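Trainee: Dropping a prediction and its sequence here:
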Amino acid sequence: MFDSALLFVHLITASIWIGGYFAVIVVTRITRRSLPRADQIVFFRHLGQIWGGIASIALGLAIITGVTMLIRAGWPTGSTLAVVVAGAIVLATAVGVRQARMLGRQRRESLADPSDEKLSSGVRTGAKRAIVLRGLIGVLTLLLVGVGSAIVS
């Protein structure tokens, strides 16, 4: 019964993490095309505050339940790789949260002073880095799903 409950929580929280990742990509594209820049800044600040908590809890529970299942299964081949990849996701996500906060602040400052080319350039550079980091988080997430699938098959 415990193993079933553990698997249930793991599947739900992993689904929230992965589904949320892709939902944020879709929401970002739509928002960038349909809202004025000032409204985008406000929207993403609120999205980050709400989604950040939900995603953090989901990722944390997915990792805790995943590691618990690996331990209960006798630490099968691939377990260490799964834990390393999960750790990389946590690290990349933490960097992403910090980066998003800094970029949001820069965007607000740039909106207040659009003539500051140095600030505008910093925003563009930060936005490009954010895209790369989000891609890395996605690749690591898919890698973890692949490693987990290999472990259980």
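Mentor: Great, that's in hand. Just so we're clear, the structure is a prediction, and the values are computed from it rather than from any experiment.

Trainee: Helices along this protein, start to end?
Mentor: Here the chain has its helices, by DSSP state H, at 2-34, 37-72, 79-112, 117-152.

Trainee: would you list these in JSON lines and tack on mean neighbour count and mean pLDDT?
Mentor: From N, CA and C alone the C-beta is placed, and that goes for glycine too. Formatted as JSON lines, those follow (neighbours: other C-beta atoms under 10 Å; pLDDT from 0 to 100):
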{"stretch": "helix 2-34", "mean neighbour count": "14", "mean pLDDT": "97"}
{"stretch": "helix 37-72", "mean neighbour count": "15", "mean pLDDT": "96"}
{"stretch": "helix 79-112", "mean neighbour count": "16", "mean pLDDT": "96"}
{"stretch": "helix 117-152", "mean neighbour count": "15", "mean pLDDT": "96"}
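
Trainee: looking at it, His10 is touching Met69, isn't it?
Mentor: Yes: using C-beta atoms under 8 Å, His10 is in contact with Met69, at 6.6 Å.

Trainee: who are the neighbours in contact with the nearest residue to Pro76 once chain neighbours are set aside?
Mentor: In this structure, Pro76 finds its nearest non-sequential neighbour in Ile151, 5.4 Å apart by C-beta to C-beta, 6 or more residues apart in numbering. Shown in contact with Ile151 (C-beta atoms under 8 Å, 6 or more residues apart in numbering): Leu70, Pro76, Thr77, Gly78, Ser79, Ala82.
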